[in-house]
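In: model the structure of this input:
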Amino acid sequence: MVKISDFQTKEVVNILDGKRLGTISDLEIDLRHGRVEAIVVPGPGKFLGFFSSGNDYVIPWRNIVKIGKDVVLVRMEEALKVEARMSGGDEYRE
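Out: Residues are numbered from 1 along each chain as shown. You can find the predicted model right below:
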């Protein structure tokens, strides 16, 4: 078993280009089916989830390749899309 707090200490790295994306700040969970849908990493320029325009990397769970002790490896085929959280809650726009 892994705790959410354990995820928040792991660095996220795209294995295709070696880019370090940051650390996990949040998870998107499907409560109806009891599964994690995506991990959320603060976007460029954010510090601990603050001091930026509100853009985050939302990485679908299917894109996670490996979860290690200190790192989460993800595969992002195309340029990682930065999605903005809408003020209404858990909806996202592209």
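
In: now find how far off-centre stretch 10-19 is within its chain.
Out: In terms of CA atoms, centre = their mean, to the nearest Å, the centre of stretch 10-19 is found 11 Å from the chain centre.

In: for that stretch, which outside residues touch it?
Out: With CB atoms under 8 Å, 6 or more residues apart in numbering as the test, stretch 10-19 has contacts from 20-24, 39, 41, 57, 59, 65, 67-68, 70-77, 80. C-beta here means a position set from N, CA and C on the backbone, and glycine is covered the same way.

In: buried ones among the residues you listed?
Out: 21-24, 39, 41, 57, 59, 72-74, 76, 80 (16 or more other CB atoms under 10 Å).

In: so which of the residues you listed are in helices?
Out: Using DSSP state H, no member of the buried ones among the contacts of stretch 10-19 sits in helices.

In: now do the contacts for the spatially most central residue of the chain.
Out: In the chain, the residue lying closest to the centroid (CA atoms, centre = their mean) is residue 40, at 2.6 Å. Applying CB under 8 Å, 6+ apart to residue 40 gives the contacts 24, 25, 26, 27, 28, 56, 57, 58, 59.

In: hey, what's the fifth one bridged with?
Out: Right, the one you point to is residue 28. Taking DSSP bridges as the rule, residue 28 bridges to residue 38.

In: thinking again about what came up before, greatest separation within the buried ones among the contacts of stretch 10-19: which pair is it?
Out: Spatial extent of the buried ones among the contacts of stretch 10-19 (CB to CB) is set by the pair 23 and 76 at 16.4 Å.

In: element containing the residue lying farthest from the centre of the chain, please.
Out: Here the chain reaches farthest from its C-alpha mean at residue 32, the gap being 20.6 Å by CA atoms, centre = their mean. Using DSSP states H and E, residue 32 sits in no helix or strand.

In: quick check: it vs residue 14, distance?
Out: Look at residue 32 and residue 14: by CB to CB, to the nearest Å, they are 30 Å apart.
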